[in-house]
Structure formats: C-alpha cells, structure tokens
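Q: okay, predicted coordinates and the sequence, questions at the end:
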Amino acid sequence: MSKPRSLVLPPRTRVRRLETARGPFAVLDAEPAGERRGTVLLLPGYTGSKEDFLALLEPLGEAGYRAVAVDGRGQNDTPGPRGRAAYRRRALALDAVAQAAALGDGPVHLLGHSFGGLVARATVALAPDAFRSLTLLSSGVGRVSRPQRVRVRALRTALALLPKDRVWRAMCRLDGRGEEPDTVDVPEVADFLRRRWARTRIAQLRGAGRLLLDRRDGTEELVALPAPLHFAYGTDEMVWSTADLAAAAARTGAHHTVIAGAGHSPNVSHPRELADRLVGFWERTAAPAGVSTAP
C-alpha cells in the first residue's frame, strides 16, 4: 500500500464530497495557484485512498493543474455496498466516468495508481471522449509479479476467514518489504492507516484483489484507446515487472517515464519529479501537431 508521509493538507486543497450520478465520493480537491491549465482525476491503488496523492497535489497546483484525488466506492471515506457485483471492473469504471463528469471541467486527464490503473484503463475504454489522456502510474499489463500474487491471494483468503483487525496485524508484520519508507513511527500516519483499513469495505478489498489476479494481458485494449497514453513507474517497481512495463510502452507507442530510485509509489517518494514528468506529458498532448515540446 502507499503510505503518505504526512497528512497535512496542501494549500488550496479542500476535503469534500463530490456528488455524481452514481452517488457521492470523498475527494481531495486542489485548485491551482494561478490560471488553470487543466484538471486531473487521480484514482488510488489497492488498500489505498485519496490521501496517497497528498504530496503530489501541491506541485501539480503550482504547475497550474486542478488535481482531484478520489476514494473509490468502498474505499476509506466513500461508502460502498457489500455485494460482489458492485466491485466489478465495469462498475468501477462507470464510477470514474461519473466522477469526471461531476468535476464540470470537460475532458480531464486521468491517472490511475497500481490497481487504480486497471480501473482507469477500463474507464477510458468506456468513455474516451471524457478524457484528455491516461497515465498508468506503477500499473501495467499482464499479471502482477508472483510474490504480489501470493500476497493478494493470501489477503483475500484471510479476509474471508479471519476478523479484519487480525488481518491488519498480520499485514503490519509483513509490510515494508521493498515498498515505501516505513511511516509507522509517525503516530498520526500510523493511526490513519489503521482507520483507513477499518473503513474500507471487505467486499472492495476482495473485489480489487480479484481484478489484480486477472490473467488478461490488456495491451491490445490500450493500443485501441484514442487518448494519449503514459506509462510511469520507478526503477525499483516491484508489483509489475519493469521489463514488461517497458515492453508495453514500446508496443503501444506510449509516453514513457522511469523515475530513478522510486519504488511502487513515486507519488509518495518522488512527488515533485513525478509532477514535472506528468506536466511534460500533458503539455506534449496539448501541443498542436508538428510542434515539439520539451521532454
């Protein structure tokens, strides 16, 4: 999971409910420092939440972008039903389409982190005219790595058999192996992670895990998307194979960003460098044909 290093709200950021045609969603809505150059909708990953993007909101705002990070249905502060059908790929994609529409900014940039990337891919396929671009952040095609498949299967099984607080304690014992810097020594962050886990629906955790274990490749789906595509990940990515991500970027002709020294959550560990790379991609997509922009 992504672990925010701080829970302090960046300047010009509101915690609010986004009312959509598919119900309310909890969001962090960050306005730009000056003239708005665009809007980006940010979808979090497995066991994550909108707070995973806290460090990214300020640099995006400084660059002129409104950034809206959302808790998906059943995640953290957004309510969600208990039924399995509510967490299928199409249902989650329809939610994201509704969220983009509710922002009222016309076509927006879409970024999905990890599991959020799987939702984002399906979202753009469903409503391509609603999105100016798609960024898959630490998210890819094909299956997640074998160690991650083992972890996801174990978590799904544990959630079906054990009390949720006991599963959390087991996760804490196993966590911190190659992902993000440990934040459990920061009391407010450790408290938040515990509360987030308690508030996230078991049906959401099991449903998202099921999608992460899907065997489909998805590259052809990405090739067919009309929206400009961007793969971004760290050199130390460990959920998806970096070789597979590079190959997918080449096969799809996507913009390709690799952040040196970053693990699975560059949004936490390298937010300013990631923001610079995102803005460069968005500027490139907005440039008229035949006009080059700085990388």
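A: That came in fine, so what should we check first?
Q: C-alpha from now on. contacts and neighbour counts both.
A: Noted.
Q: assign the closest residue to residue 21 other than its chain neighbours to helix, strand or coil.
A: Counting by C-alpha to C-alpha, 6 or more residues apart in numbering, residue 98 is the residue found nearest to residue 21 once chain neighbours are left out, at 6.0 Å. Here residue 98 takes the helix state, with states given by DSSP: H, G, I helix; E, B strand; the rest coil.
Q: report pLDDT for residue 98.
A: Each residue has a pLDDT score; the one for residue 98 is 98.
Q: OK, contacts around it?
A: Residue 98 makes contacts with 20-22, as judged by C-alpha atoms under 8 Å, 6 or more residues apart in numbering.
Q: my assumption is that residue 55 lies in a helix; please confirm.
A: Yes: membership of residue 55 in a helix is supported by three-state DSSP.
Q: which parts of whichever strand or helix holds residue 117 are buried?
A: Residue 117 belongs to helix 115-126 when assigned by DSSP states H and E. Buried residues in helix 115-126, counted by 16 or more other C-alpha atoms under 10 Å: 115-125.
Q: quick one: contacts of that helix?
A: For helix 115-126, contacts defined as C-alpha under 8 Å, 6+ apart pick out 43-46, 89-90, 92-94, 96-97, 110-112, 130-131, 134-140, 208, 211-212, 221-222, 225, 227.
Q: one more: stretch 58-72?
A: Residues from elsewhere that reach stretch 58-72 (C-alpha under 8 Å, 6+ apart): 10-11, 25-44, 49-51, 53, 57, 77-78, 92, 95, 271-272, 275, 279.
Q: just the ones in strands from the residues you listed, please.
A: Judged by DSSP state E, the contacts of stretch 58-72 include 25-30, 38-43 as members of strands.
Q: how about TSV for those, with pLDDT, neighbour count and distance to residue 197 added?
A: Output for the ones in strands among the contacts of stretch 58-72, formatted as TSV (pLDDT from 0 to 100; neighbours: other C-alpha atoms under 10 Å; distance: C-alpha to C-alpha, whole Å):
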residue	pLDDT	neighbour count	distance to residue 197
25	98	22	17
26	98	22	16
27	98	26	17
28	98	24	18
29	98	22	22
30	98	24	24
38	97	21	32
39	98	27	29
40	98	24	26
41	98	23	23
42	98	28	20
43	98	28	17
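Q: pull the number of nearby residues for residue 70.
A: For residue 70, the count of nearby residues is 29 (other C-alpha atoms under 10 Å).
Q: quick one: contacts for the residue lying closest to it once chain neighbours are set aside?
A: Excluding the flanking residues, the one nearest residue 70 by C-alpha to C-alpha, 6+ apart is residue 27, at 4.4 Å. Shown in contact with residue 27 (C-alpha under 8 Å, 6+ apart): 15-18, 50, 68-71.
Q: and the next element down the chain from the worst-scoring helix or strand of the chain on mean pLDDT?
A: None of the helices or strands of the chain scores lower by mean pLDDT, DSSP states H and E than helix 164-174, at a mean of 87. Per DSSP H and E, helix 164-174 leads on to helix 187-199 as the next helix or strand towards the C-terminus.
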